[in-house]
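# Next come a sequence and a model predicted from it.
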Amino acid sequence: MLRIAGMHGFRAILLMLLSCFFASSCTDDSKKHPDTLSTGTIDISADETYKPIIDEQLRVFDSSYPEAHINIHYKPESECFNDFFNNKARLILVTRQLTKEEKEMCEQKQMYQSGLELAKDAIAVIINKASADSMLGASELKGILTGVYKKKYTVVFDNQGSSTVHYITDSLLRGQKLGSNVFAAKSNAQVVDYVSKNPDAVGFVGLSYVGDSADAGNTGAFIKTVQVVSVQNDSTLQFYQPYQAYIALKLYPLTRKLYYINRETYPGLGTGFANFLAGGRGQLIFAHANLFPLRMNIVIRTAEVNR
């Protein structure tokens, strides 16, 4: 009996030591990582183009996880990448993945990085309500951007370091320089405001800024203060506006993707928010904002309207 009691005592001491060890480990880990997937406070940076939709995502996330506090800094895309590499933002929301050179830089710095495409977006071309150029092809857009179009337009972007400028110069102009008629208005909202007040202005903005928030039926209606241009598809020779189905089917020419890039090495709050954006509720929010969600299955069917 004494031997049995001794063994029980030994086991009790061993369990006590193990408990102390794990408690100490947990305490040290909580000090090292003060945030979790759903709690804590962090800073992230996001392309200013997506402010309306990311604000809505954050509103729903906050309501679900009240102990999570995400400070989003909206900036031109180039500044978001600067924040990522300078350790000012664990998570960034941008329109491109890391380049080969940037990935090599991460390896040299032993910096973990992961990324995922979240939704397909479009750049909307907007004109004043009084303008007659509501349908434009690629050659006409190039003429407007380089200042050689038959009508002299003032072209307005959000910021010289923005993802919109990067996309237009790379994908549409392909080496041609912007004309002296091109200006920056500092934000997408200011681009919309400027075009609404100037008949000879053309603006390039993110789709989130031309969607009608009063569109209760989620029909993809656009705001009424400006006109959204129909852009010609070089393959079909048809003109399309940036409606969700045309974005999904690549019929609207000026499309791009939204990505997250994450540098967290543990399951922290940045990862939690990224998971939310890629999950069911986050993807539905993208869909309701007329972006095309890329992490959920959506079936597009053709329909005939009987008149």
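Structure received.

# Run through this protein and note the low-pLDDT ranges.
1-31, 213-219, 299-307 (pLDDT under 70).

# the helices in it, which residues?
Residue ranges of the helices in the chain, as given by DSSP state H, are 2-32, 51-64, 77-85, 100-108, 138-146, 163-167, 188-197, 244-248, 269-278, 280-288.

# so which of the ones you listed gets nearest L91?
helix 269-278 (3.8 Å; Cβ to Cβ). For the C-beta atoms, the positions are set from N, CA and C on the backbone; glycine is no exception.

# That closest one to helix 280-288, inter-axis angle?
60 degrees (axes from the mean of the first three to the mean of the last three Cα atoms, to 10 degrees).

# Please tabulate the helices of the chain in a markdown table, including the columns mean neighbour count and distance to Q238.
A markdown table is the format used below for those (neighbours: other Cβ atoms under 10 Å; distance: least, Cβ to Cβ, whole Å):
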| stretch | mean neighbour count | distance to Q238 |
| --- | --- | --- |
| helix 2-32 | 10 | 57 |
| helix 51-64 | 16 | 27 |
| helix 77-85 | 20 | 30 |
| helix 100-108 | 12 | 36 |
| helix 138-146 | 18 | 13 |
| helix 163-167 | 22 | 22 |
| helix 188-197 | 20 | 25 |
| helix 244-248 | 20 | 10 |
| helix 269-278 | 23 | 33 |
| helix 280-288 | 18 | 24 |
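
# Mind checking these for the one nearest to A221?
helix 244-248 (11.7 Å).

# Show me what the closest one is in contact with.
120-122, 207, 220, 240, 251-252, 255, 287, 290-292, 298, 300 (Cβ atoms under 8 Å, 6 or more residues apart in numbering).

# Could you tell me which of those count as buried?
Buried residues within these, defined by neighbour count using 16 or more other Cβ atoms under 10 Å: 120-122, 207, 220, 240, 251-252, 255, 287, 290-292.

# Now flag whichever of these is closest to V226.
L207 (13.2 Å).

# what comes up buried for stretch 231-241?
For stretch 231-241, by 16+ other Cβ under 10 Å, it's V231, Q232, N233, F239, Y240, Q241.

# now, which of those sits nearest G147?
The closest of the buried residues of stretch 231-241, once distances to G147 are taken by Cβ to Cβ, is V231, at 19.3 Å.

# Could you check how far that closest one is from I126?
11 Å (Cβ to Cβ, to the nearest Å).

# What about the buried ones among the contacts of helix 244-248, which are in strands?
Counting by DSSP state E, those place K120, D121, A122, Y240, T255, F292 in strands.

# Any idea what the first one is bridged to?
Per DSSP bridges, the residues bridged to K120 are K257, F292.

# wait, isn't it in contact with L294?
Yes - the pair K120 / L294 is scored as a contact, 6.1 Å apart, by Cβ atoms under 8 Å.

# which neighbours do the two share?
Shared contacts of K120 and L294, counting by Cβ under 8 Å, 6+ apart, come down to K257.

# mind checking how far the most centrally placed residue in the chain is from L291?
Centrality entry for the chain: nearest residue to the mean C-alpha point is L258, 4.3 Å, by Cα atoms, centre = their mean. Here L258 is placed at a distance of 7 Å from L291 (Cβ to Cβ).
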